[in-house]
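Chemist: Here is my input; please provide its structure:
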Amino acid sequence: MEIAKLGEFGLIDRLTKDIEIKNDSTKKGVGDDCAVLSYPDKEVLITTDMLMEGVHFDLTYIDLKHLGYKSAMVNISDVFAMNGTPRQMTVSLAISKRFSVEDIEEFYTGLRLACDKWGIDVIGGDTTSSYTGMAISITCIGEARKEDVVYRNGAKDTDLICVSGDLGAAYMGLQLLEREKSVYYQQVEEARKKNDKRALEELAHFQPEFSGKEYLLQRQLQTEARGDIIQKLREAGIRPTAMMDVSDGLSSELMHICKQSGVGCRIYEKNIPIDYQTAVMAEEMNMNVTTCALNGGEDYELLFTVPIGDHEKIEQIDGIKLIGHITDAKFGQVLVTRDNQEFTLKAQGWNPLA
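Modeler: Now for the predicted structure:
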C-alpha cells in the first residue's frame, strides 16, 4: 500500500495501535500532542541518533527489519553506557515514495523487537516525506539514580581499563558485505557490456559468499546493546568510574575518556579481545586485525574503567576483558604491542562528519 493513501495519522495508528505501556514512568504515550513522563526520584538520561541512508546504512544488504532493530539498539546502548536503564523511545522517519506501508511495518517490527527485549515504551515520533531515501531519528530516554550515573570524565590514575565482548567483528562484517556487493555489481556491469541476457537472469539469483562468516554478519546487521554487562556489574557491586560504548572504534573512545578525565592510558595489544572469524577475515583481506579492532567501530561493546581494587571481581565476570590501565596524563595514551614496542594511540575510527 502507498503511504500517501494511508496518510500520516493513519500510518502512525497502524504502526503503534497495539503498543502496551510497560513502565510506570510513562504516563502517556502515543496518541496525544505530547508524551507525558514522570521521574520524581531519578536522573533522566536522553540520547538521540540520526541515521541517513547512504551514510549510515545501505539497503542493498540490510533489510528493514534488521535496520529497525539496529536503529533502536544503538540508542539503547548509549543509555547503558551511562549505567542507566532505558525506558522510553521516540521514532521519527523521513521516507521517500519508494517505500510502502508494509516496508515501514517491517522497520517497526525490528525496532519493537529491540524495545521489547529491554522493556522500552515507544511513546511517539514523527513521519515526513523525503526526496533522497530514508532518514531515521531516534531518541531514547532512560533513568538512573544520581549516584549511579557514570560519565566519561571519572577515570583516575591506576584504574583498570576493561571492555566487554570482542572488537573488530562488526567492521569486518561491513567489509565482507561491501566486498560481495562489489562482486555482484562488477558481474552485472560485465554482463550488460556483453549484452548477455542469460547471465543477467542468473545474477537475479546471485548468492554472496558468506559461509563460515555468519558471526561477522550478525555483529554488523544485528547490533546488541550490552545491558547484560551492566546487570553483571551491578550484581558484582562494581560501579565503573568512566564508561562509554564503542561505536566509533576503541582507540577513539578511549581517547575521549582520557581527554575528559585528564589522564593517560596504557593498553596491551595481546589483551584486546578478537574473535577467530575476525582474525581470519582480516588475513583474507590483507588487513591488520589489531588495527581493525582498534578503529573499526560499530561493535557497541562497553569500554569502562574500574578502581584497581575491583580486579578480582572483574576477572570473575564472563564476557569482560582487562586490556590495560589508566596512567598519569604526562605518560600519554600508549599501545604496547605483542613484542613490547610502544606506540602512541591515534583516533582513526569513524568520523560522522567526514
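Chemist: List the contacts of residue 84.
Modeler: Applying Cβ atoms under 8 Å, 6 or more residues apart in numbering to residue 84 gives the contacts 43, 45, 142-144, 148-149. Every C-beta, even on glycine, is put in place using the N, C-alpha and C of the backbone.
Chemist: which outside residues touch the biggest helix by length in the chain?
Modeler: When the chain is parsed with DSSP state H, its longest helix is helix 169-193. Contact with helix 169-193 is made by 58, 60-61, 199-200, 203, 206, 208-210, 213, 215-221, 223, 275, 277-278, 281-282, 285, 287, 292, 295-300, as judged by Cβ under 8 Å, 6+ apart.
Chemist: run the last query once more with 6 Å
Modeler: By Cβ atoms under 6 Å, 6 or more residues apart in numbering, the surrounding residues in contact with helix 169-193 are 60-61, 199-200, 203, 206, 208, 213, 216-217, 219-220, 275, 278, 281, 285, 292, 296, 298-299.
Chemist: same question, stretch 253-260
Modeler: Residues from elsewhere that reach stretch 253-260, judged by Cβ under 6 Å, 6+ apart: 152-153, 155, 242, 244, 246, 265, 303, 333, 347.
Chemist: Please list the members of those that lie in strands.
Modeler: Using DSSP state E, the members of the contacts of stretch 253-260 that fall in strands are 242, 244, 265, 303, 333.
Chemist: Pretty sure the second one sits against residue 152.
Modeler: Yes - taking Cβ atoms under 6 Å as the definition, residue 244 is a contact partner of residue 152 at 5.5 Å.
Chemist: more neighbours, the two?
Modeler: A side-by-side neighbour count of residue 244 and residue 152, using other Cβ atoms under 10 Å, places residue 244 first with 23 against 20.
Chemist: What is the one helix or strand residue 325 maps to packed up against?
Modeler: Using DSSP states H and E, the element containing residue 325 is strand 320-327. When contacts are defined as 3 or more Cβ pairs under 6 Å, 6 or more residues apart in numbering; DSSP states H and E, strand 320-327 packs onto strand 160-164, strand 264-268.
Chemist: and the ones you listed, which is most packed in?
Modeler: strand 160-164 (a mean of 24; mean count of other Cβ atoms under 10 Å).
Chemist: Could you spell out the sheet neighbours of that strand, each with its direction?
Modeler: Here strand 160-164 is paired, per DSSP bridges, with strand 302-306 (antiparallel), strand 320-327 (antiparallel).
Chemist: Just name the most buried of these.
Modeler: Using mean count of other Cβ under 10 Å, the stretch among those with the greatest mean number of neighbours is strand 302-306 (a mean of 27).
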